[in-house]
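1. Provided below are the primary sequence and the corresponding predicted coordinates.
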Amino acid sequence: MSANEKKLAGEAAIRFVEDNAIVGVGTGSTVAFFIDALADLKDRIQGAVSSSEQSTAHLKRLGIPVLDLNSTGALSLYVDGADECDPHKRLIKGGGAALTREKIIAAASDKFVCIIDSGKRVNLLGKFPLPIEVIPMARSLVGREIAKRGGSPVWRDGVVTDNGNWIIDVHGWQIADPVGLEKDLNQIPGIVTVGLFAQRAADVVLVGDKQI
């Protein structure tokens, strides 16, 4: 059911793509279905801005031009998945370690469409460990600061982001105030990006082909 919902969600997001648009494209297994569907529209759009090397390779294989965000200006649409989504469309993202570029593109986009399967819906964020991208030399410092806040930091050993940084996954948090926690964590030196998408939540969430 999950794989089918992912495919349905990826294909359903196509209805938000406008002619001549530059589309922000996220990362992950659900987004891969969106990219496949987007290929059918490649002659009607200018191209895509990609959040990861993985998505960039997929887009290029299908003949979809990949553009630099610095050259495009603001985007009308960003489509991406999530690891968790609460009833207010606030998200945890970063299971695929692409959270920094994803957050940049989300911030640059007028509409953020999040595509998920029903297993990603939660009442309270935090069961999925919260990914945090850190400068390598700050890993221990950031870990201590997280521990002070009641979290259990685990270094995702062997993973290097597309930006050359490391990932800490934080276990043991039930995040009742995701906006407040996101703001707080952003002040810790060495943190590049927090995998909370709460200050800039999704505008539309598709669970399979159903909008919630």
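-> Looks like it came in fine. Residues are numbered from 1 along each chain as shown.
2. show me the strands in this protein, by range?
-> 22-25, 47-50, 75-80, 84-85, 91-92, 109-116, 130-134, 152-155, 166-171, 191-194, 196-197, 204-207, 210-211 (DSSP state E).
3. tell me, which of these is the model least confident about?
-> When the strands of the chain are ranked by mean pLDDT, strand 210-211 comes last with a mean of 92.
4. list of residues touching that one?
-> With contact meaning Cβ atoms under 8 Å, 6 or more residues apart in numbering, strand 210-211 is reached by Ala12, Val204, Val205. Any C-beta I mention is one placed from the backbone N, CA and C, and that applies to glycine too.
5. who's in contact with Asn121?
-> Quick fix: residue 121 reads Arg, not Asn. By Cβ under 8 Å, 6+ apart, Arg121 lies in contact with Glu84, Cys85, Val207, Ile212.
6. among the strands of the chain, which is nearest Arg61?
-> strand 47-50 (12.2 Å; Cβ to Cβ).
7. for the closest one, name the packing helices and strands.
-> If you count contacts as 3 or more Cβ pairs under 8 Å, 6 or more residues apart in numbering; DSSP states H and E, strand 47-50 packs onto strand 22-25, helix 53-61.
8. could I get the strands of the chain as a markdown table with distance to Leu99 and mean neighbour count?
-> Putting the strands of the chain into a markdown table (distance: least, Cβ to Cβ, whole Å; neighbours: other Cβ atoms under 10 Å) gives the following:
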| stretch | distance to Leu99 | mean neighbour count |
| --- | --- | --- |
| strand 22-25 | 14 | 26 |
| strand 47-50 | 14 | 24 |
| strand 75-80 | 10 | 24 |
| strand 84-85 | 13 | 24 |
| strand 91-92 | 9 | 28 |
| strand 109-116 | 14 | 23 |
| strand 130-134 | 6 | 26 |
| strand 152-155 | 16 | 16 |
| strand 166-171 | 8 | 21 |
| strand 191-194 | 5 | 22 |
| strand 196-197 | 9 | 29 |
| strand 204-207 | 18 | 21 |
| strand 210-211 | 24 | 12 |
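9. can I get those in a markdown table with distance to Leu141?
-> Formatted as a markdown table, the strands of the chain follow (distance: least, Cβ to Cβ, whole Å):
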| stretch | distance to Leu141 |
| --- | --- |
| strand 22-25 | 32 |
| strand 47-50 | 31 |
| strand 75-80 | 29 |
| strand 84-85 | 26 |
| strand 91-92 | 23 |
| strand 109-116 | 31 |
| strand 130-134 | 9 |
| strand 152-155 | 11 |
| strand 166-171 | 11 |
| strand 191-194 | 10 |
| strand 196-197 | 20 |
| strand 204-207 | 35 |
| strand 210-211 | 42 |
